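Asks: The following comprises the amino acid sequence and a computationally predicted model.
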Amino acid sequence: MTVAAREPRQERSRQTRERLLSVTVDMLAAKGWSATTVTAVAEAAGVSRGAAQHHFPAREDLITAVLESMFEVMTAEAAQTLENLPEGPERIDAVVERAVSIYTGLQFKAALQVWAAAASDENLRELILPLEAKLARAAHKLTVAGLDPTGAHGATAHRLAQITLDLARGFGLADTLSDDSARRAQVTAAWVQQVKAALDV
């Protein structure tokens, strides 16, 4: 097979894989863990079961790839946010809003389904714990960098970043059952003022 012939096949394979990952996120968030099988994802994605299993032989392979993809997307989007942060007090608003958005979006809703399933599945728990820790470390690092770009506030900035992320995770949990956006906006605004005061911004 020539190089020219291989490239379209490789591109189709890449597109199929990305479609499967995207559908998995949507299905986890909307239908939950038990409904999100490789077969169901393949059907929803318009992909044959064989093609899906070529990429992901088992559901655990699919879920691992989804979590890795979520990590890559989160870190890329957060890094882009850091590059475009406003100066002055508005910087704090943007950083806190970004942290909240990580945990109130579709991808967090999908991840939450996996975490809930892992609570009673030791094998799944062992599989995803390193990925969850990796995501948490990256979110914390990026939030600290946003709140305290010069490093002048040291441990204070680290604590504020952790509280911000814990608060954001709480928002994400509350948002899974009902639209919590109105209360979330009020609490977020109050927390932003607390962070500004603590950092003397």
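Replies: Perfect, thanks for sending it.
Asks: For the rest of this, base every contact and every neighbour count on C-alpha atoms.
Replies: Noted.
Asks: Report how many residues lie close to the nearest residue to residue 101 once chain neighbours are set aside.
Replies: Sequence neighbours aside, residue 168 is the residue nearest to residue 101 in space, at 7.8 Å (criterion: C-alpha to C-alpha, 6 or more residues apart in numbering). Using other C-alpha atoms under 10 Å, residue 168 has 23 other residues around it.
Asks: Residue 168 is in what secondary structure piece?
Replies: helix 154-174 (DSSP states H and E).
Asks: and the helix or strand following that helix, C-alpha only, in CSV?
Replies: Once the chain leaves helix 154-174, the next helix or strand it forms, by DSSP H and E, is helix 181-199. Extracted in CSV, the C-alpha atoms of helix 181-199 (Å, rounded to 0.1, in the frame of the first residue of the first chain):
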residue,chain,number,x,y,z
SER,A,181,-26.7,28.4,37.6
ALA,A,182,-28.5,31.3,39.5
ARG,A,183,-27.3,30.3,42.9
ARG,A,184,-23.9,29.3,41.5
ALA,A,185,-23.4,32.8,40.0
GLN,A,186,-24.2,34.4,43.4
VAL,A,187,-21.8,32.2,45.3
THR,A,188,-19.1,32.5,42.7
ALA,A,189,-19.3,36.3,42.9
ALA,A,190,-19.0,36.3,46.7
TRP,A,191,-16.0,33.9,46.5
VAL,A,192,-14.2,36.1,43.9
GLN,A,193,-14.5,39.0,46.4
GLN,A,194,-13.0,36.8,49.1
VAL,A,195,-10.1,35.8,46.9
LYS,A,196,-9.4,39.4,45.8
ALA,A,197,-9.3,40.4,49.5
ALA,A,198,-7.0,37.6,50.5
LEU,A,199,-4.6,38.4,47.6
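Asks: Name the residues of helix 181-199 that are buried.
Replies: Residues 184, 188, 191, 192, 195, 196, 199 are the ones in helix 181-199 that count as buried (16 or more other C-alpha atoms under 10 Å).
Asks: ok, the residue nearest to residue 101 - contacts?
Replies: Contact analysis of residue 168 by C-alpha atoms under 8 Å, 6 or more residues apart in numbering lists 99, 100, 101, 102, 103, 104.
Asks: same question, residue 56
Replies: Contact partners of residue 56, counting by C-alpha under 8 Å, 6+ apart, are 38, 62.
Asks: and what of residue 161?
Replies: Contacts of residue 161 by C-alpha under 8 Å, 6+ apart are 140, 143, 144, 147.
Asks: Looking at those residues, which are in helices?
Replies: 140, 143, 144, 147 (DSSP state H).
Asks: I figured the first one hits residue 164, correct?
Replies: Looking back up the chat, that one is residue 140. No. Here residue 140 does not reach residue 164: they are 9.1 Å apart, not a contact under C-alpha atoms under 8 Å.
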